[in-house]
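Engineer: Fold the stuff below for me.
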Amino acid sequence: MSSTLQHDGLPVGAEKQDKKPDERGERRFHRQSALMYESVRRQTFINWPLTFLDPDKLAAVGFFYLRTEDHVQCAFCRGIVGFWDPSDDPLTEHKKHFPNCPFVAGVATGNVPKDGSDDQTGKAFKLLDDYYNYRVANTRPQSSTNYQTDSLCIPETNKVAFPALNTIQSRCQTFARWPKGIGVSIDALAEAGFFSTGLADWVQCFHCGGGLHSWRQEDDPWTEHSRFYPYCPFVRMQRGEDTVIHCWKENPAPSVPPRPIALTPEESDLLLHHPIAKRAIEMGLSPASMKGALKLRLEKLGMMCRTVTEAMELVFDYEEEQRRNNAEKNSSYDGIPIAETRDSTPTEHMTVEVQNPFFPMDSSAIPFSIEQNPEYLKLLSEVEQLRRDVLMEEKRLMCRQCHGQRVAVVFQPCSHLHLCAECARPVDTCPSCGTVVRGTLRPIIG
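Structural biologist: A predicted model of the protein is given here:
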């Protein structure tokens, strides 16, 4: 890519031109993981300055707009690319600068593209996209949503989504990385209940947890808050219920047809055609367990898993819960413990009933002789060992100080990777070896 720049930081030939403002669709979000959806990434390209580079192509290869010059960031590897030339191809540049990105390397990710095909995978993508749009338009964010930057962690609460940010001053402090040129006052945003998530122009309400992005210069934060989240208690208390309802009726937010939160059996079957589900099943996981685990996650959070590892852990937890429930159901009969009613007559072979977590039958589990199926017990042992190994690897990636966030900072020159960005920020010496920290790196953990 050429380094020849103009005075405004843009490549030669990229002069800004007067053009009709981009049409804005759905601007709400509940979590930053929404950027796994190509449709969401496309919505971030508001006021895109380059006429020669199609935002659709950028969104299709994993990029979203940072609202700073022409800089875009990958939703999967977090790599940033900017200063584009007319001859640049988004996918080629992505691979050249970030060859280890799981998205461009062909690894199964939680990406949900605007596929448009009529096969089962295309139908699965459309289901996920439609379901996300319904959830973000018709439900309130979960109270367990965490603060999305690396500067603060908010405890869970059932009343206020982010209680530590209930003052204007605390919310203003979150706008340290607010992009220049957005044209919306930081003070006005904070007064309307919003704080910056640290990602582009994405903000959330401290009270209802509702998020908005893709701001324009003429936007009024109070009006936008009332329009997109008319049931937020903070807005109703500050602006008055009548004013909020008027804003909402005058310019209603995008809406989608209502539907049940619960997925139908046919919709649940489609989840197995997502690349993450396919890859996990190829590795030996049970299709039935995968379907059940993804269904529960989607109904709870409205989002797919980001990685195959996350999907595997989800399935292991689901199967463990299923085994626990089955054990509780089988532990007694009419209130009498089974052990007390067992027939004492000796049998030639003891038979037990075991659920196969990888190849479940359509009917109930079939009794079999342990002595005749040693390979089966060996398989169960290997599955349990695999589960323990995965959990151990996940724990190794957790911050050793807060134990709540993933490790994200490599100290230099000792190269220790033990802390998340929040815990590493105030550290001057490495807590593991005591070496003076002279710099930090952000590794790509995929």
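Engineer: check contacts around Arg24.
Structural biologist: Each residue near Arg24 by Cβ atoms under 8 Å, 6 or more residues apart in numbering is listed here: Gln43, Ile46, Ser214, Arg216. No exception for glycine: its C-beta is placed from N, CA and C like everyone else's.
Engineer: Which pLDDT does the model give the third one?
Structural biologist: Just to be clear, that refers to Ser214. Looking at Ser214, its pLDDT stands at 95.
Engineer: Quick one: classify it as helix, strand or coil.
Structural biologist: When classified by DSSP: H, G, I helix; E, B strand; the rest coil, Ser214 comes out as coil.
Engineer: wait, isn't it in contact with Arg27?
Structural biologist: Yes. Distance between Ser214 and Arg27: 5.0 Å, which falls inside the contact criterion (Cβ atoms under 8 Å).
Engineer: joint contacts of the two?
Structural biologist: Gln43.
Engineer: give me phi/psi at Tyr231?
Structural biologist: phi -100, psi 10 (degrees, to the nearest 10).
Engineer: What separation is there between it and Arg239?
Structural biologist: Distance of Tyr231 to Arg239, computed by Cβ to Cβ, to the nearest Å: 13 Å.
Engineer: Those two: which is more packed in?
Structural biologist: Comparing Tyr231 with Arg239 by neighbour count (other Cβ atoms under 10 Å), the higher total belongs to Arg239, at 18 against 12.
Engineer: so how far is Ala293 from that one?
Structural biologist: Applying Cβ to Cβ, the value for Arg239 to Ala293 is 42 Å.
Engineer: again, but for Glu393
Structural biologist: Relative to Ala293, Glu393 is positioned 19 Å away (Cβ to Cβ).
Engineer: Looking at those two, which is more packed in?
Structural biologist: Ranked by neighbour count (other Cβ under 10 Å), Glu393 and Ala293 place Ala293 first, with 27 against 11.
Engineer: Please verify my assumption that that one contacts Gln322.
Structural biologist: No. Ala293 is not in contact with Gln322 according to Cβ under 8 Å; the separation is 9.7 Å.
Engineer: helices or strands up against the helix or strand containing Tyr132?
Structural biologist: For Tyr132, the enclosing helix or strand under DSSP states H and E is helix 120-138. Counting contacts by 3 or more Cβ pairs under 8 Å, 6 or more residues apart in numbering; DSSP states H and E, helix 120-138 is packed against strand 28-29, helix 38-43, helix 265-270.
Engineer: let's go with 7 Å and repeat that
Structural biologist: Contacts defined by 3 or more Cβ pairs under 7 Å, 6 or more residues apart in numbering; DSSP states H and E place helix 120-138 against strand 28-29, helix 265-270.
Engineer: what does that helix rub up against?
Structural biologist: 26, 28-30, 37, 39, 112-113, 115-116, 254-256, 258-259, 267, 270-271, 273-274, 298, 302, 304 (Cβ atoms under 7 Å, 6 or more residues apart in numbering).
Engineer: Just the buried subset of the residues you listed, please.
Structural biologist: Buried subset of the contacts of helix 120-138 (neighbour count, 16 or more other Cβ atoms under 10 Å): 26, 28-30, 37, 39, 112-113, 267, 270-271, 273-274, 298, 302, 304.
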